[in-house]
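K.L.:
coordinates only, no sequence provided:
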């Protein structure tokens, strides 16, 4: 409905005239976004945005060959770990192409899928692909089963907009399984497999799609239906909030890497141009002016007051994609029991390892029915915590 039929790798936007700036930063940092993060995402041979798919394909192909060698030798654990590295490399490679039916994107996505299928095959029944009906198509997810025969509490995970269901959790480093929890990671509208199926994200269809996955979980005999929670990262914090507001049967919601600014102006207009380019592709727009009008609908103001489950946000004080002020404004609108944890000096991708364990442990406690205090927690760089009640 928004496509103009352009057949090119990039969509036209005002800042495309500054592509050389992005290419320069990619060459220097090895990253196309989140430039403050340590380490390179891409090898040093990547000198421009256009080089990402080609170079990462070669790296992914090498990792896949190593994985298949371990697979053929019967070393399942080594094979899984190498396949997972190949999956992430292919995922980043295909993610940089924002064109429907692009043959290179389809090829790279296919290689990613084949590697992940081998991970599933080598996982002793712990992983399962999930397909749920959606309009005239289906939506895709991956179910990570916790050990044990009884129904388990379950977390539904919403990835960020530059992620997919294959990104988290790592099957061999899943923080939920040792705590007795299943996790269902999904490709919502505009993500992963949904892009290939031309299922675009709209103002409100992500929460409706999550509702279909929720219905699927209620039908499973390995899920404890009364103990289902929400988790989300980055733009998944925006979608996760909408999902929690739309379905009162969720027991808890825990989010991090916040993207809760009304209209998402900062991430779309002052951060790396890849963010806006990506969301335009995800939502089916190639006209920037029309997309800017659509972006104004991306707000949580009307839904925040509808949340009834326990609600946690873990944020970096200096998040470059969403000012912490917007986080406080959102939390003030939520009347449900809530906790806000703010890390001093941290950015969008919180590097403090405590943040991850806090989210997982908090969800564990909520699904076990443990009481908690509604409060704001400020974590200083020294590790000292300052607690303030709401």
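P.N.:
Happy to help now that I have it. Owing to the predicted nature of the structure, the values given are computational and were not obtained by experimental measurement. Numbering: from 1, shown residues only.
K.L.:
is it true that residue 193 touches residue 140?
P.N.:
Yes - if you go by Cβ atoms under 8 Å, residue 193 and residue 140 touch, sitting 4.1 Å apart. For glycine as for every other residue, the C-beta is placed from the backbone atoms N, C-alpha and C.
K.L.:
residue 180 is in contact with residue 148, correct?
P.N.:
Yes - using Cβ under 8 Å, residue 148 is in contact with residue 180, at 7.0 Å.
K.L.:
returning to that earlier point: for residue 193 and residue 140, indicate the residue with more neighbours.
P.N.:
residue 140 (26 against 21; other Cβ atoms under 10 Å).
K.L.:
next, the contact list for that one, please.
P.N.:
When contacts are counted by Cβ atoms under 8 Å, 6 or more residues apart in numbering, residue 140 touches 129-131, 165, 186-187, 192-194.
K.L.:
mind doing that once more with 6 Å?
P.N.:
By Cβ atoms under 6 Å, 6 or more residues apart in numbering, the contact list for residue 140 reads 131, 187, 193.
K.L.:
in JSON lines, list those along with secondary structure.
P.N.:
Below are the contacts of residue 140 laid out as JSON lines (DSSP: H, G, I helix; E, B strand; the rest coil):
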{"residue": "131", "secondary structure": "strand"}
{"residue": "187", "secondary structure": "strand"}
{"residue": "193", "secondary structure": "helix"}
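K.L.:
and which of those residues is nearest to residue 342?
P.N.:
Nearest to residue 342 among those, counting by Cβ to Cβ, is residue 187 at 30.2 Å.
K.L.:
who's that closest one bridged to?
P.N.:
Beta-bridge pairing of residue 187 under DSSP bridges involves residue 140.
K.L.:
now the strands for the stretch 201-350 of the chain?
P.N.:
223-233, 252-256, 310-316, 338-343 (DSSP state E, counting those that start in this stretch).
K.L.:
run through who's touching stretch 111-121.
P.N.:
Counting by Cβ under 6 Å, 6+ apart, 64, 80, 83, 86-87, 90-91, 127, 166, 171 sit against stretch 111-121.
K.L.:
show me how far it is from its chain's centre.
P.N.:
Between the centre of stretch 111-121 and the centre of its chain there are 19 Å (Cα atoms, centre = their mean, to the nearest Å).
K.L.:
and the residue located most distally from the centre of the chain, how far is that from residue 265?
P.N.:
Most distant from the centre of the chain: residue 73, at 33.7 Å, with distances by Cα atoms, centre = their mean. Noted for residue 73: a distance of 52 Å to residue 265, by Cβ to Cβ, to the nearest Å.
K.L.:
which phi and psi values does residue 346 adopt?
P.N.:
phi -80, psi 160 (degrees, to the nearest 10).
K.L.:
now do the same contact list for the residue lying closest to it once chain neighbours are set aside.
P.N.:
Excluding its sequence neighbours, the residue lying closest to residue 346 (Cβ to Cβ, 6 or more residues apart in numbering) is residue 316, at 3.3 Å. By Cβ under 6 Å, 6+ apart, the contact set of residue 316 is 343, 346-347, 350.
K.L.:
would TSV of those with pLDDT be doable?
P.N.:
Converted to TSV, the contacts of residue 316 look like this (pLDDT from 0 to 100):
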residue	pLDDT
343	98
346	96
347	96
350	94
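K.L.:
from those residues, which is closest to residue 44?
P.N.:
Nearest to residue 44 among those: residue 347, at 23.7 Å, using Cβ to Cβ.
K.L.:
what is the subsequent helix or strand relative to the helix-or-strand element of the chain with minimal mean pLDDT?
P.N.:
Ranked by mean pLDDT, DSSP states H and E, the helix or strand of the chain with the weakest confidence is helix 19-29, at a mean of 91. Note on helix 19-29: by DSSP states H and E, the next helix or strand toward the C-terminus is helix 52-72.
K.L.:
can you give the contact residues for that next one?
P.N.:
43, 45-46, 78-79, 82-83, 85-86, 89-90, 92-93, 96, 104, 115.
K.L.:
that helix to helix 19-29, inter-axis angle?
P.N.:
Orientation of helix 52-72 against helix 19-29 (axes from the mean of the first three to the mean of the last three Cα atoms, to 10 degrees) gives an angle of 40 degrees.
K.L.:
right, I'll leave it there.
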